[in-house]
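Q: compute the structure for the input listed below.
(one chain, ligands or ions: 1)
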Amino acid sequence: MSLLDIKGLGITFGGLRAVNEVSFSVNPGEIVSVIGPNGAGKTTLFNMISGVYLPGAGQVVLNGEDVTGMRPDLLARRGMSRTFQNLQIFQSMTVLENAISGYHLQERGPVLADLLGLPSSRRRSKAAEEGARALLARVGLERAAEREAGNLSYGALKRLEIARALALNPKVLLLDEPAAGCNAVETEEIDHLIAEVAKSGVAILLVEHDMKMVMRISSHIVVLDHGEKIAEGDPATVSRDPAVIAAYLGTEAENADG
Ligand SMILES: Nc1ncnc2c1ncn2[C@@H]1O[C@H](COP(=O)(O)OP(=O)(O)OP(=O)(O)O)[C@@H](O)[C@H]1O
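A: This is a model prediction of the structure:
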């Protein structure tokens, strides 16, 4: 048993089989990337794993427990958190407030105590602020804590989003295109951050279009094409695989034709 086992996941939209019988596993400390040409089913697969879509077939097993179709907040409590392709940052709040908001995603704390400003609520807030400051240091944003998030560079916003997901102290972190829209320097900073998080024992699953980044940081790569898993293995093996090369060249040919 692995930490995260994806077993025969599938879903159909109308008549289209967007994902079909996809299986793989992720273990603590591993960085597993899902790649594939446009429309291959990566985002759909991600959405099924993270409880956004209910799979038509198969299972998502987290730490031995069947969590298929479980709501994202319940998954978060079991140790799975995710980031989104489109940033979920509150632009007009400070960097620190954004990081603190990550803690409140997890809390079921008594709302009344918070409203009345009771000591228990103040203690929780203090713990969240301390935790948030430590997280900002971890992602290299401690000096930007009091700045408005909307003024950060794109790469810094992406790191802030990862910090928010880390507030939930996940065992598994799902990253949806963590380097999208970033320049080479920002991408490298995100590379280092992801590697550091994996090194701390978190299992990482990511979807990413930046192939150089994927080849650099992944321990294992799963390749999708037309909803099917066509290959998996370490970066060197996958990049030599004739089926993978054909899938990517096929897309280029389709684009050239179009
Ligand atoms: N909600 C939906 N309703 C209907 N069809 C969908 C839906 N979501 C995705 N699809 C279709 O499922 C297939 C897989 O799409 P998906 O977005 O998962 O691919 P992707 O690999 O993430 O693509 P990209 O690299 O372009 O983001 C595509 O043919 C897409 O048009």
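Q: quick one: the strands in this structure, in order.
A: Taking DSSP state E, the strands of the chain run over residues 4-13, 16-26, 31-35, 57-62, 65-66, 80-82, 172-176, 203-207, 220-225, 228-233.
Q: near the ligand, which residues of the chain?
A: Proximity of the chain to the ligand is confined to F13, L16, A18, G36, N38, G39, A40, G41, K42, T43, T44 under the rule C-beta under 6 Å from any ligand atom. C-betas here are computed from N, CA, C, even on glycine.
Q: which of those residues count as buried?
A: Neighbour-count burial (16 or more other C-beta atoms under 10 Å) is assigned, among the residues of the chain next to the ligand, to A18, G36, A40, G41, K42, T43, T44.
Q: the last one against Y53, yeah?
A: It stands for T44. Yes: with contact defined as C-beta atoms under 8 Å, T44 counts as touching Y53 (6.7 Å).
Q: which residues does the nearest residue to S50 once chain neighbours are set aside contact?
A: The shortest distance from S50 to any residue other than its chain neighbours is 4.7 Å, reached at R82 (C-beta to C-beta, 6 or more residues apart in numbering). Residues near R82 by C-beta atoms under 8 Å, 6 or more residues apart in numbering: F46, S50, P72, A165, L173, L174, L175, D176.
Q: buried among these? Need that as a selection in PyMOL.
A: Here is the PyMOL selection string for the buried members of the contacts of R82, based on 16+ other C-beta under 10 Å:
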select buried, resi 46+50+165+173+174+175+176
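Q: farthest pair within the contacts of R82?
A: P72 and L175 (14.6 Å; C-beta to C-beta).
Q: what's in contact with stretch 164-172?
A: If you take C-beta under 8 Å, 6+ apart as the criterion, stretch 164-172 is touched by 3-4, 26, 28, 62-63, 76, 79-83, 88-89, 98-103, 105-106, 128, 131-132, 135, 138-139, 173, 175, 197, 202-205.
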